[in-house]
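S.K.: 3D model of this:
(one chain, ligands or ions: 1)
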Amino acid sequence: MAKIDEYIPIVGQSTVDDLRLIADRLKGKVIQHINSTAVGGGVAEILNRMVPFLRELGVDTRWDLIKGGEQFFGVTKKFHNVLHARPDAVTQRDFDIFMETSQKNIEELDTYGDIVFVHDPQPIALVTKKKENKWIWRCHIDVSNPHMGVWEFLKNFIIQYDAAVFSAPGFSPRLPIRQFLISPSIDPLSDKNIELPQETIDKVLRKYAIPKDKPILTQISRFDRLKDPLGVIEAYLQVKRYIDCRLVLAGGSAADDPEGLQVLEEAREKAKADSDIHILLLPQNDIEVNALQRASTVIIQKSLKEGFGLTVSEALWKAKPVVASNVGGIPLQIKHKYSGMLCHSVDGAAFALKQLLHSPDYARKLGENGREHVRNNFLITRHLKEYMLLFLSLYYPQDVVYV
Ligand code: UDP
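M.R.: As a prediction, this is how the structure comes out:
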C-alpha cells in the first residue's frame, strides 16, 4: 500500500501535514469499523483503503464483520431496495429474520472500540450493546424517500447512536442525534486507480476477448437492478444504430448481495443477439477494473438509485468522459456538461453517448474537468480528515463551540 508521503505530489504538503496533526489527537483511541462484507461494493472498497491508512497515521483502527446467512442477506437486500423506494412487500417475518441474526451478532461480536463505526443497515442493531463508548452510524445509501416501515424500524436503532453520517445533503431525514455530511472517496494510489502501463490494459482486454477496433462504452457495477444493466444495453442499442461501438458490462458479486446471479442472467439474455456486447463476471481484481475503465472511450453509470457511485469518481479520476444518471450522489461528482453528462432516461443516456462519441475534443475536456473535480473533492485524504475531525468532535459537547 502507498505510503502517506506519496500523496504529497497529488494533494500537496499541507493536506498531508494536516492529517498527521489531527491523527496525533486521536492517539490512544481505538476505532472499530463494522460492516457486513469484506469484498464487493463501495463500503468494502473504502474500508480496504481507509483502515490501513488510518493505521499508518498512528490511529489504532480495526475492522470487524458481522456474520449472516442467505436468509438474512436476502432480507437486508430487500431493505436496501425498499429504502431506495423500489416497491417490495416487507413482512413481519423479514423483521424477525433480521432480528434473529442481529441477536446472534450482538452475542458474538465484541464491540471493544472507543469509537464503534457501524456501516449501513445490516449491523445496525449492534448499538443495543452501547456502553460508555461512542457509536457512529454511517449511512451509505440514499434514504431520502424510504419505505416508512423499514425506516421506522431502523430509526429505533439509529437514535441510540451518538451521530449519523450521510453522503449527500438530500439523504438525511430529520433525526434527534448529531448528523454529519461526509462524501465518500477514492484512493488515487490504489490498484483500482493507479496509472497503468498500456501493456497491462491490453492484456486485460485480451483476457476478456475485447478487440480495440471500435469505441468501448463501459459500465462497471454489481449486477443489481438498481444499476439498471438492461437500461444500459437499451441505450447502447440506440447508439449502435448510428455509431459502431462495443459495450462492456462488467461486475463481480458481493457476499451480501444474493440477487446478482439472476440479474446477470437477465443481462446475458438481453445481450445474446449482439456479439459486440461483452458481459463479464469479474473476479475481485482491482487492476482488471482499472484496466477496463482506462480502456474505455466513455464510462456509463446508469443507476436508478445510487448512494454515491464510487465508479463515477474512479472514471473521472482517469479523465474519462462519463454519462451517468442524475440520482443519489452522482450529481455531486458530475456538473452537467462540465465534468460529465447527467441523464434521466435511456433516451437521455443514448443521446449523451452519441454526443460524446461524435465530439472527442469535448469528451476529453469533460474528462479533464472531472479529474480536477475529483482531486479537489473526492480523494481519500479529504475523507480521512473529515472522519478524524468527526471522531474528535464526539468528545466535545454538541452545544459548545470551541474557537
Ligand atoms: N467494483 C469492483 N468490481 C466489480 C464491480 C464493482 O471492484 O466487479 C467496485 C467499483 O470499482 C467500486 C465499488 O465496487 O469501487 C462499487 O461502489 P459503488 O459506490 O459504485 O456502488 P455500490 O456497489 O456500493 O452500490
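
S.K.: The closest residue to the ligand within the chain: what's it in contact with?
M.R.: Closest approach between the chain and the ligand, counting by CB to the nearest ligand atom: residue 42, at 2.9 Å. C-betas here are computed from N, CA, C, even on glycine. Applying CB atoms under 8 Å, 6 or more residues apart in numbering, we find residue 42 in contact with 140, 184, 307-310.

S.K.: Show me the shaky parts of the stretch 251-400 of the chain.
M.R.: Filtered on pLDDT under 70, the stretch 251-400 of the chain yields the residue ranges 398-400.

S.K.: List, one by one, the residues from it near the ligand.
M.R.: By CB under 6 Å from any ligand atom, the part of the stretch 251-400 of the chain that sits against the ligand consists of 251-252, 282, 289, 307-311, 314.

S.K.: Can you go through these and name the buried ones?
M.R.: Buried members of those, scored by 16 or more other CB atoms under 10 Å, are 251-252, 289, 307-311, 314.

S.K.: ok, and what's touching the helix or strand hosting residue 154?
M.R.: If you go by DSSP states H and E, residue 154 is part of helix 148-158. Helix 148-158 is contacted from outside by 79, 82-83, 90, 95, 121, 124-125, 127-128, 137, 143, 164, 173, 175, 177, using CB under 8 Å, 6+ apart.

S.K.: Kindly recompute the last result at 7 Å.
M.R.: The contact list for helix 148-158, computed with CB atoms under 7 Å, 6 or more residues apart in numbering, reads 79, 82-83, 90, 95, 121, 124-125, 127, 137, 143, 164, 175.

S.K.: wait, residue 166 sits on residue 181?
M.R.: Yes - using CB atoms under 7 Å, residue 166 is in contact with residue 181, at 5.9 Å.

S.K.: between these two, who's got more neighbours?
M.R.: Using other CB atoms under 10 Å as the criterion, residue 166 and residue 181 rank with residue 166 on top: 25 against 12.

S.K.: With residue 387 as the reference, measure out to the residue nearest to the more buried one when sequence neighbours are not counted.
M.R.: In space, and not counting its chain neighbours, residue 166 is closest to residue 172: 4.1 Å by CB to CB, 6 or more residues apart in numbering. Computed as CB to CB, to the nearest Å, the residue 172 to residue 387 distance reads 17 Å.

S.K.: again, but for residue 202
M.R.: Relative to residue 387, and taking CB to CB, residue 202 is found at 38 Å.

S.K.: between those two, who's got more neighbours?
M.R.: Set residue 202 next to residue 387 and count neighbours by other CB under 10 Å: residue 387 wins out with 25 against 13.

S.K.: where along the stretch 1-150 of the chain do the strands fall?
M.R.: For the stretch 1-150 of the chain, the strands defined by DSSP state E, counting those that start in this stretch cover 30-35, 60-65, 115-119, 134-138.

S.K.: typed the wrong thing, it's the stretch 201-350 of the chain
M.R.: Ranges of strands within the stretch 201-350 of the chain are 216-220, 246-251, 277-281, 298-301, 322-325, 341-343, based on DSSP E, counting those that start in this stretch.

S.K.: Nearest to residue 65, out of the ones you listed?
M.R.: strand 246-251 (21.5 Å; CB to CB).

S.K.: packing partners for the closest one?
M.R.: Judged by 3 or more CB pairs under 7 Å, 6 or more residues apart in numbering; DSSP states H and E, strand 246-251 is in contact with strand 216-220, helix 229-240, strand 277-281.

S.K.: run the last query once more with 6 Å
M.R.: Other helices and strands packing on strand 246-251, by 3 or more CB pairs under 6 Å, 6 or more residues apart in numbering; DSSP states H and E, are strand 216-220, strand 277-281.
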